[in-house]
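> Give me coordinates for this.
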Amino acid sequence: MPVLNLHNENLHFLNKKLISWILFIILSLIWGSSFKLMKMGIVALSPYEVATIRILSAGLVLFPFGIQALKKLNRKEILYCLYTGLLGSFFPAYLFCIAETKIDGSLAGILNALTPFFVLLIGVVIFRATFSTYKYIGIAIGFLGICALFYAKGSIDFSNIAYSTLVVLSTMIYAVNVHLVSRRAKHLPPLTIASVAFTVLLLPCLIILFVVHYFDHPFTADIWKSTSASVVLGIIGTAVSSVLFYQLLKRAGSIFASMVTYAIPFVAILWGWFDGEYINLGQIASLGIVLIGVYMVNKPTKNL
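From the prediction side, this is the model:
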């Protein structure tokens, strides 16, 4: 009987790890594609319009679930969900869109990879969290892989420092949200957190669209194309991905979940390959380094 129990525990552990990696890969693909959709959005729309349509679309998709969830939550839980919506999606959506008017997706990708560092820093300094040595080493290795990637690609340009700072600010906000969900909303289902957050943000988004005169546009083909990209960004890149991310956060912990940002630049490069760009051996080797770092972070330990 003990042998059977041990077998079942090992099988459960392997299944949990497999699901975590599947979520990791799916989120990497979704968020890695988001940079391309943002660029498509700001071709004919302002960054404020793209970001607002993104959040509005997420809210409309999750509205039926949000209405049901709101009936079951107390005031404090609703506020926690709202905070996660603001910190995890709303503010970063605007900051990223504004930043991408002046910097390219490659630079945004490497700066976005600072998220695990800030998750670690905020956890240690503010929340007095303890992390295993593997997590420190894994974050360092992963970030070295990101730096090696952009050295191999030869695409780092920090000429627009102010706009680059907006992306860094977003990563800090993301990190705060990761800890908020881990410590204040962990008992809530991922779908509840996301659906309530975006449902509450529906009305503010509609008001913003009127304020920025989105509905005054002559709806040309370019406007429709940018709007469609923003809607897809909201449905897949925000609504679906938020639910998946909170699920990954609950399963694998804050550091592993935040390291999705390490894989995002490779997805962006993959999009470039589809568009005819050349991928060299240095970029492939860099991906290997990043994966080693992610593996180190995901090693089972007793610490967070």
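> give me the number of residues near the residue nearest to Ile139 when sequence neighbours are not counted?
Using Cβ to Cβ, 6 or more residues apart in numbering and skipping the chain neighbours, the partner closest in space to Ile139 is Pro116 (5.0 Å). Placement of C-beta: from N, CA and C, glycine included. Counted with other Cβ atoms under 10 Å, residues neighbouring Pro116 total 30.
> Can you pull out the low-pLDDT segments for this protein?
For the chain, the stretches flagged by pLDDT under 70 are 1-14, 105-106, 153-159, 272, 275-278, 299-304.
> Could you pull up phi and psi at Ile103?
For Ile103, the backbone dihedrals (degrees, to the nearest 10) come out as phi -120, psi 160.
> Quick one: neighbours of Val200, just the number.
Neighbourhood size, Val200 [other Cβ under 10 Å]: 18.
> so it makes contact with Cys81?
Yes: assessed by Cβ atoms under 8 Å, Val200 is found in contact with Cys81 at 7.3 Å.
> Would you quantify the distance from the residue nearest to Ile139 to Ser230?
Look at Pro116 and Ser230: by Cβ to Cβ, to the nearest Å, they are 28 Å apart.
> could you dump the helix or strand hosting the residue nearest to Ile139 to PDB, C-alpha only?
Pro116 belongs to helix 115-125 when assigned by DSSP states H and E. In PDB, the C-alpha atoms belonging to helix 115-125 read as follows (Å, rounded to 0.1, in the frame of the first residue of the first chain):
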ATOM      1  CA  THR A 115       9.500  41.100 -14.400                       C
ATOM      2  CA  PRO A 116      11.000  38.000 -12.500                       C
ATOM      3  CA  PHE A 117      13.700  40.200 -11.100                       C
ATOM      4  CA  PHE A 118      11.200  42.600  -9.600                       C
ATOM      5  CA  VAL A 119       9.000  39.800  -8.400                       C
ATOM      6  CA  LEU A 120      12.000  38.500  -6.500                       C
ATOM      7  CA  LEU A 121      13.100  42.000  -5.200                       C
ATOM      8  CA  ILE A 122       9.600  43.000  -4.000                       C
ATOM      9  CA  GLY A 123       9.100  39.600  -2.400                       C
ATOM     10  CA  VAL A 124      12.300  39.800  -0.400                       C
ATOM     11  CA  VAL A 125      12.300  43.600   0.400                       C
END
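> so what secondary structure elements neighbour that helix?
Applying 3 or more Cβ pairs under 8 Å, 6 or more residues apart in numbering; DSSP states H and E, one finds that helix 115-125 contacts helix 133-153, helix 161-184, helix 254-258, helix 260-274.
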